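# Predicted coordinates and the sequence they were generated for:
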Amino acid sequence: MLERLNQALDHLEACLDQEVDMAEVARIAAVSEYHFRRMFSALAGMPLTVYVRRRRMTLAGAEVLAGEPTLLDVAVRYGYGSGEAFARAFRSVHGIGPGEARRTGAVLSAQPRMSFRVVVEGSTTMRYRIVEKESFQVVGRKARVPLVHEGLNAAAAAHVQSLDERAIVRMKELGDREPEGVLSAVVYLTDSREEGAEADYWVGVVTGPEVVAEELDALDVPAGTWAVFDNHGPYPSALQELWRDVFTQWFPSNRYTTRPGPELLRTRPVEIGAETNSQLWIPVERGNGSAGA
């Protein structure tokens, strides 16, 4: 899969001076566009759209400083219909407008061209199983929180603390299928997985699609395939490391790809740094081609 991802990046690089067809980029990688965007964000630490803009502005910056084409010519070359739109994008990357950069010969930022490889450290054994589930609901309470890659997510913790005892009791009464007990569900609002990106964070239980609980929120989840990872380690660092390893090591070496849906996490709340058992559920589908291709 890594070879195909890198072939897709080669194609993307060749299209920076024109409109990039992300569906075609994903086709070269032999995955869905959804999975390609998620994999890129997890591996690169930034959304695909941000990388494309930074690469374009890196190349545009070199042409701006060269002083030969007009600024409008540079803008049009990299897909901007007006000088104003180009100037805004240029400033967002370099911190200075293209006209001022050309006049002063400013030092500009550069986004290096990326390629991917997997470094297998061999320090963690991933225990997983593949589960087929019928449609279900997550019934509980939700809040919008920023993503945090290391350490405690204060917004998520505050949401958990805000739950009243009556709501928790009602959730436990309704939960009747795997994964059992009170759990969390994360619904990503964009393809970005960078620090600070927002997501809907649910605390609830898994119930049948026919259950009605008017005093609680409900998230409908269609039938599909799930990769289930068991984890044991200090909270929350072991979970954050597991999520990273799933996307940087497990997906590139397996024939499954992500599909739209919430990520489910069942864990027992403990003090920061204490050992705990957890279970991570990620919606997946069978991909095309061989795992190592």
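Perfect, thanks for sending it. Numbering: from 1, shown residues only.
# ok, which stretches of the stretch 151-293 of the chain are strands?
183-188, 198-207, 217-221, 224-234, 256-258, 263-267, 275-286 (DSSP state E, counting those that start in this stretch).
# contacts for stretch 105-119?
Outside stretch 105-119, the residues within contact range by C-beta atoms under 8 Å, 6 or more residues apart in numbering are 2, 5-6, 9, 13, 43-44, 51, 54-55, 57-58, 61, 64-65, 93-96, 100-101, 248-249, 252-253. (Glycine included, C-beta is placed from N, CA and C.)
# Just the ones in helices from the residues you listed, please.
Among these, the residues falling in helices (DSSP state H) are 2, 5-6, 9, 13, 43-44, 51, 54-55, 57-58, 61, 64-65, 93-94, 100-101.
# any weak-confidence spans in the stretch 1-150 of the chain?
Within the stretch 1-150 of the chain, the stretches with pLDDT under 70 are 117-125.
# before we move on, back to that, and of the strands of the stretch 151-293 of the chain, who's closest to residue 171?
Across the strands of the stretch 151-293 of the chain, residue 171 has its closest neighbour in strand 198-207 (4.7 Å, C-beta to C-beta).
# If you count contacts, what does that closest one end up packed against?
Using 3 or more C-beta pairs under 8 Å, 6 or more residues apart in numbering; DSSP states H and E, the elements in contact with strand 198-207 are strand 136-146, helix 154-162, helix 165-174, strand 183-188, strand 217-221.
# Show me which of the ones in helices among the contacts of stretch 105-119 are buried.
Among the ones in helices among the contacts of stretch 105-119, those scoring as buried are 2, 5-6, 9, 43-44, 51, 54-55, 57-58, 61, 64-65, 93-94, 101 (criterion: 16 or more other C-beta atoms under 10 Å).
# and the gap between the residue nearest to residue 37 when sequence neighbours are not counted and residue 21?
Once flanking residues are discounted, residue 37 sits nearest to residue 191: 3.8 Å by C-beta to C-beta, 6 or more residues apart in numbering. Distance of residue 191 to residue 21, computed by C-beta to C-beta, to the nearest Å: 16 Å.
# So for the two, which residue has more residues nearby?
residue 191 (19 against 13; other C-beta atoms under 10 Å).
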